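Peer 1: Everything below, folded, please.
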Amino acid sequence: MEKQRPLLPTIIILDIAMFIGFGILARVADASFLIVVVVGLVVAVVSVLLVWFAVKFDRQMRRLGKKHEEHSQT
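Peer 2: Presented below is the predicted three-dimensional model:
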């Protein structure tokens, strides 16, 4: 079985790109302050959920890899 790279570093890069994109969009667009705050909160919640799911996924893949290793040794 091929060793898989963890998903978390990729998700962190995606989150950074989302925040940079939101920052640029907030500067360029002439939206009201309330809309900027609401969209900012949505971006923050989505990025927290993405990190949470990535951590969960990485743990499950490690656990599955350990089970597969134990199974292949017996």
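
Peer 1: and the lowest-mean-pLDDT helix or strand in the chain, what does it pack onto?
Peer 2: Counting by mean pLDDT, DSSP states H and E, the chain has its least confident helix or strand at helix 33-73, which shows a mean of 91. Applying 3 or more C-beta pairs under 8 Å, 6 or more residues apart in numbering; DSSP states H and E, one finds that helix 33-73 contacts helix 8-28. Every C-beta, even on glycine, is put in place using the N, C-alpha and C of the backbone.

Peer 1: Which residues does the helix it packs on contact?
Peer 2: Val36, Val39, Gly40, Val43, Val46, Ser47, Leu50, Val51, Phe53, Ala54, Val55, Asp58 (C-beta atoms under 8 Å, 6 or more residues apart in numbering).

Peer 1: how close does the first one sit to Ala17?
Peer 2: What that stands for is Val36. 18 Å (C-beta to C-beta, to the nearest Å).

Peer 1: quick one: which of those two has more around it?
Peer 2: Val36 (15 against 10; other C-beta atoms under 10 Å).

Peer 1: first vs last residue of stretch 22-40, how far apart are they?
Peer 2: End-to-end span of stretch 22-40 (C-alpha to C-alpha, to the nearest Å): 7 Å.
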